[in-house]
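[1] heads up, no residue letters with this:
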C-alpha cells in the first residue's frame with residue numbers, strides 16, 4: 001500500500017514535471033521563434049533604411065555634381081561675356097583714340113595754315 005502510494009505519487013510528480021518541462025520547452029521555442037521573427041523584421045527594416053539613406057546620398061551627390069557643372073558653365077559664360085565686353089570696349093577705345101589723333105592732326109594743319117596766313121599778313125603789313 002505505502003509503496004504503491006509513493007510510486008503513484010512519484011509517477012504523478014514525474015508526469016507533472018514532464019508536463020511542465022514540455023510547457024517550458026514549448027514556451028522557449030515560441031520565444032525563440034518570436035525573437036527570430038523580430039530579428040528578421042529588424043534586418044528588413046535596417047535594409048530599407050540603408051537603402052533609403054543610400055538613395056538620399058546618391059541624390060545629394062547627383063545634386064552636388066549638377067550644381068558644380070552649373071557653376072562651371074556659369075563661370076565660363078561669365079568669362080566669355082567679360083572677354084567679349086572687354087574686346088568691344090578696347091575696340092571702342094581704339095576707335096576713339098584714332099578719332100582724337102585725327103582731330104589733333106587736323107588742328108595742327110589748321111594751326112599751321114593759320115600761322116602761315118598770319119605770317120603772310122605780317123609781311124604785307
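    That came through, no problem. Computed from a prediction, not measured in an experiment: that's the story for all the values here.

[2] going forward, measure contacts between C-alpha atoms and count neighbours the same way
    Will do.

[3] Return the distance of the residue nearest to the spatial centre of the chain relative to residue 55.
    For the chain, the residue nearest the mean C-alpha position is residue 64 (2.2 Å; C-alpha atoms, centre = their mean). Here the criterion is C-alpha to C-alpha, to the nearest Å. By it, residue 64 lies 14 Å from residue 55.

[4] Can you show me the helices along this protein?
    Under the criterion DSSP state H, the chain carries helices at the ranges 2-124.

[5] so where's it shaky on pLDDT?
    Within the chain, no stretch has pLDDT under 70.

[6] Swap in 90 and give it another go.
    For the chain, residues meeting the criterion pLDDT under 90 lie at 1-6, 119-125.

[7] and residue 106, how many residues sit next to it?
    Residues within reach of residue 106, counting by other C-alpha atoms under 10 Å, total 12.

[8] Likewise for the one 3 residues further on?
    By the criterion of other C-alpha under 10 Å, residue 109 has 12 neighbours.

[9] Same question for the one 3 residues further on.
    Residues contacting residue 112 under the criterion other C-alpha under 10 Å number 12.

[10] list the buried ones in stretch 49-68?
    When burial is assessed from 16 or more other C-alpha atoms under 10 Å, stretch 49-68 yields no buried residues.
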